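> my questions are about this predicted structure, shown below with the sequence.
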Amino acid sequence: MTDKYRKVAYYPGCALEGTGHAYNRSTKEVGKALGLELVELKNWNCCGAMEVKNIDPKLQTFLSARNLKIAEDMGFETVMAPCNGCYHNLKKAEHDLAHDPASQQVVDRLSAKAGQTAYQPGHVTTIHALDWIRDAIGTEGLRARVRNSLRGLKIANYYGCMYTRPRHIFPEKDKGPGSESTSKPHFMDDLLEAAGAENVEYPLKTACCGGAHTLSDSDTSTRLVLNLLTTAEACGADVIATECPTCHSGLEMHQARAEKVFGKKTQVKILYFTQLIGMALGLSARRVGVHENFSDSRELLRARGLG
Amino acid sequence: MATPPAIADTVAAAADDVLASNVAGFTAALLASGEAVLDSWLRAHGRTPTHRQVEGFRLLALHRQAAGGEPSFNACRESCRELVFQCNMAAAADDMAGRARRLRLAGMVLTHLGLFVGGKLEDAGLGEFCCSSRDLRRRGEAGGVTGAAMQGN
């Protein structure tokens, strides 16, 4: 293990305290099992998700800048966000503050009004949970710690569209071997392969799940998700591994809705990658919150000796 | 409701030997169908679809054109590139099963592209839905909410 990321600031975000609770739980449990320390940001605020951005993007920049400033004031150089939306917004705030003086002015003004010191770019690096485990432990380090291999489990890795988009806010990606790819991301594949799983080729890794359509046009979301699910099954997957609470909830909910509304039943199970890694590390399914998932994978996991 | 391109269903239902014996024909049809999807988006927005190519593919040029000024459209960038990739892999595969498999994967990607763009077209009157979309009120920024919020109201 390297010291890099051994102890980082943790920004769970709102979803991980609600629908994505199992992701929060499994992320923390995996951290403990790997000897990695997460220190939750004190008094963090919502990142504004997608709603605030659509009304006032610079206000959203302030929301994320405030969280980055909290991390800095707590003495951290790195903040880890497991949610793609939070991760995206923190990265975007960092980028906008570094490249758009108007964004910095708004953050300065709103911070002063709130009686806070404004965040200045370049002080805190935002990472995803995938970066955290991969860079702190490494794939070989993870492989060495596996106690209950995922051998025989066929997995389609689904990253969603916000983990890599837009490319300009992720300057560390697409830097060749060892870096993450924005067109064909592979960090989750790498980790789950190290945990013993068999990754199937999945051509819709970064395709839209229709997350933001969910309320305004549920049928479109259901059809997009149904295609993600049927494609995963056609590729031979038993499980779709996720790394975003919004994608995860969308896949679970629209899997049920596809059966109810369109009469299309799919069998593929949906699990957070942290749940899969946790079980590979020897943690029980309950400990990583499998029972909290809407998609009931317990029978499959028991059959594979992972329950 | 968006309808997935018919060629995707044809490819999904075809036997391996049928697909493998006409890779060039199926890849051309899949790519043409993808281009038609993007054509429909551009025409619906009063724009003339380009006939240029990017990296040898009109599909990629159309995506670049469609995404101009429309950041949320970039969510289908990888679908377009994956469609091209799978078609290339189908052409390069040296066995029947491999060619058929690649064509089927391309069909699934094409279906997603059709659903995504169709969904966006359907909702065009409701505003942008995408997580990375521009703020809805940018067009009215001069006297709109953005300006007011920046004054700290």
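In hand now; what should we look at?
> isn't A:L97 right next to A:H123, touching?
No - between A:L97 and A:H123 there is no contact under C-beta atoms under 8 Å: 10.1 Å. Placement of C-beta: from N, CA and C, glycine included.
> these two: which has the busier surroundings?
Counting neighbours by other C-beta atoms under 10 Å in any protein chain shown for A:L97 and for A:H123 shows that A:L97 has the greater number, 24 against 14.
> and A:I270, what are its phi and psi?
phi -120, psi 120 (degrees, to the nearest 10).
> partners of it in the sheet?
Listed beta-bridge partners, A:I270: A:I240 (assigned using DSSP bridges).
> what are the ranges of the helices in chain B?
B:6-13, B:16-20, B:23-44, B:58-67, B:77-92, B:96-122, B:145-150 (DSSP state H).
> count of residues packed around whichever residue of the stretch 151-300 of chain A sits closest to chain B?
In the stretch 151-300 of chain A, the residue that lies nearest chain B is A:T220 (3.6 Å; C-beta to the nearest C-beta). A:T220 has 23 neighbours, counted by other C-beta under 10 Å.
> can you pull the contacts of the nearest residue to it once chain neighbours are set aside?
In space, and not counting its chain neighbours, A:T220 is closest to B:G119: 3.6 Å by C-beta to C-beta, 6 or more residues apart in numbering or on different chains. Contacts of B:G119 were listed using C-beta atoms under 8 Å, 6 or more residues apart in numbering or on different chains, and they are A:210, A:213, A:217, A:220, A:223-224, B:2.
> type out the ChimeraX command that picks the buried ones from those.
In ChimeraX, a selection of the buried entries from these looks like this (16 or more other C-beta atoms under 10 Å in any protein chain shown):
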select /A:210,213,217,220,223,224 /B:2
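> can you add pLDDT and distance to A:E37 and give the contacts of B:G119 back as a markdown table?
Below are the contacts of B:G119 laid out as a markdown table (pLDDT from 0 to 100; distance: C-beta to C-beta, whole Å):
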| residue | pLDDT | distance to A:E37 |
| --- | --- | --- |
| A:G210 | 84 | 36 |
| A:H213 | 72 | 38 |
| A:D217 | 74 | 42 |
| A:T220 | 86 | 42 |
| A:R223 | 93 | 43 |
| A:L224 | 94 | 38 |
| B:A2 | 52 | 47 |
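> mind checking pLDDT for the nearest residue to A:S297 once chain neighbours are set aside?
With C-beta to C-beta, 6+ apart as the criterion, A:S297 has its nearest non-adjacent residue at 3.7 Å, and that residue is A:K269. A:K269 is assigned 98 on the pLDDT scale.
> from A:G278, how far off is A:K269?
15 Å (C-beta to C-beta, to the nearest Å).
> got it, and B:F57?
42 Å.
> with A:G75 instead?
Per C-beta to C-beta, A:G75 is found 28 Å from A:G278.
> so is the lowest-mean-pLDDT helix or strand in chain A next to chain B?
Counting by mean pLDDT, DSSP states H and E, chain A has its least confident helix or strand at helix A:51-55, which shows a mean of 79. Yes - against chain B, helix A:51-55 shows contacts by C-beta under 8 Å from any C-beta of the partner chain at A:53-55.
> would you point out which residue of chain B is nearest chain A?
B:G119 (3.6 Å).
> quick one, which of the helices of chain B is packed in tightest?
Of the helices of chain B, the one with the most neighbours on average (mean count of other C-beta atoms under 10 Å in any protein chain shown) is helix B:96-122, at a mean of 24.
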